[in-house]
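In: Predicted structure and sequence below. I'll ask about it afterward.
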Amino acid sequence: MKNKESVATKWDDANGRVYAYVRIQKELQDAIDEIKLIEQFTDGVPRSLILWELTQTLPEKTRLDDVRLETRRRVTEQDGTDITETIMVLGVAPNDSSISSYIDNLTSAPCFSDVTLMYAHLGKDGTSRNFSIQLSVHSSTQLSMEDAQ
């Protein structure tokens with residue numbers, strides 16, 4: 001009789017542990033699902049950082065007239081989301097060397113890749129150059145703060 005009671009007690013204890021384990025696993029999965037839902041509404045790279053990088057190295061007498069950001073989300077096979085962000089920059093520069101210098105600066109920026117000149121042609125005033133540059137944003141770019149001294 002004691003063996004029967006001992007087995008029953010251990011069985012109840014094991015059932016309680018299994019129930020607790022399953023409950024914790026469900027809570028963990030719910031938290032993961034909630035994080036995935038929130039990620040849909042957040043930016044990969046802060047827009048302020050992107051704008052700062054685009055304007056920080058702008059050559060003298062060069063201006064940006066339009067900046068367009070396109071974000072594409074694609075669900076991958078392993079239940080992940082692949083996010084691709086592409087920027088199209090339209091601007092005016094005094095000459096081709098300013099455009100070339102700007103492209104070099106964007107290429108060396110840590111958050112951009114695939115910097116490509118789409119076109120550069122003579123502006124309406126006959127002296128300036130209108131240009132368009134396309135580039136991709138690295139989704140793995142991390143914001144870091146430096147101490148300016």
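Out: Yep, that arrived. Numbers count the residues shown, from 1 in each chain.

In: just the strands in this protein please.
Out: 63-75, 81-93, 112-122, 129-137 (DSSP state E).

In: Run me through the strand neighbours of the first one, direction for each.
Out: Each strand that strand 63-75 pairs with, and the sense of that pairing, follows from DSSP bridges: strand 81-93 (antiparallel).

In: In the partner strand, which of the residues would be classed as buried?
Out: By neighbour count with 16 or more other C-beta atoms under 10 Å, strand 81-93 contains the buried residues 83, 85, 87, 89, 91, 92, 93. Yep, even glycine has a C-beta here, placed from its N, CA and C like the rest.

In: Make TSV out of those and add pLDDT and distance to residue 110.
Out: Converted to TSV, those look like this (pLDDT from 0 to 100; distance: C-beta to C-beta, whole Å):
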residue	pLDDT	distance to residue 110
83	77	18
85	88	15
87	93	15
89	95	17
91	95	21
92	95	26
93	95	23
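
In: hang on, the earlier thing: between the strands of the chain, which gets nearest to residue 30?
Out: Each of the strands of the chain has some distance to residue 30 by C-beta to C-beta; the shortest is strand 81-93, at 18.5 Å.

In: Need the buried residues of strand 81-93 in a markdown table (columns: distance to residue 131).
Out: Shown next, in a markdown table, are the buried residues of strand 81-93 (distance: C-beta to C-beta, whole Å):
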| residue | distance to residue 131 |
| --- | --- |
| 83 | 27 |
| 85 | 21 |
| 87 | 14 |
| 89 | 8 |
| 91 | 6 |
| 92 | 7 |
| 93 | 6 |
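
In: Closest one of these to residue 130?
Out: Among these, and counting by C-beta to C-beta, the member closest to residue 130 is residue 92, at 5.7 Å.
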